[in-house]
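> got a predicted model here, sequence first, then my questions.
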Amino acid sequence: QVQLVESGGGLAQAGGSLRLSCAASGRTWRSSYVMAWFRQAPEKEREFVAAVTWSGGSRYSADSIKGRFTISRDTAKNTVYLQMNSLKPEDTAVYYCAASSRVGVTSREYNYWGQGTQVTVSS
């Protein structure tokens, strides 16, 4: 099993910044995994935000967050981060960390999920 634990959510004003962290652990954790962030706003489907390959560090991101959010990973700490700048009220959602054996942009392609962390952006 793989355990993913998110932290760093909270309340921010529009234009502000937050950094989310996701620590990975577990007996079946592999360095070949892809780590990603998804988010889900009330009454909306879960949507892809960004992903990074653990071994090579290749990054993928949704158009809605390009230029504002950056995904990165610290292989020594088994932790992936999402730096969120220039936050907008529409970024308000529960943010989930996820892991998969391959790159994907849909939630069904990810096998492991964290519990989620709330991000609220006020106008």
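Now that the structure is in, tell me what you want to look at.
> contacts and neighbour counts: CA atoms only from here.
OK.
> what's the residue closest to the geometric middle of this protein?
Of all residues in the chain, the one closest to the mean position by CA atoms, centre = their mean is residue 37, 2.2 Å from it.
> for residue 3, see how far away the residue nearest to that one when sequence neighbours are not counted is.
Once flanking residues are discounted, residue 37 sits nearest to residue 97: 4.7 Å by CA to CA, 6 or more residues apart in numbering. Remark: distance between residue 97 and residue 3 (CA to CA, to the nearest Å) = 10 Å.
> swap in residue 14?
Distance of residue 14 to residue 3, given as CA to CA: 32 Å.
> got it, and residue 91?
From residue 91 to residue 3 the distance is 25 Å (CA to CA).
> contacts only, for the nearest residue to residue 123 once chain neighbours are set aside.
Distances taken as CA to CA, 6+ apart place residue 14 nearest to residue 123, at 5.2 Å, with adjacent residues excluded. Shown in contact with residue 14 (CA atoms under 8 Å, 6 or more residues apart in numbering): 86, 87, 88, 89, 121, 122, 123.
> now do 6 Å
If a contact means CA atoms under 6 Å, 6 or more residues apart in numbering, then residue 14 has 87, 88, 121, 122, 123 as its contacts.
> what's the answer for residue 85, then?
Counting by CA under 6 Å, 6+ apart, residue 85 touches 17, 68, 69.
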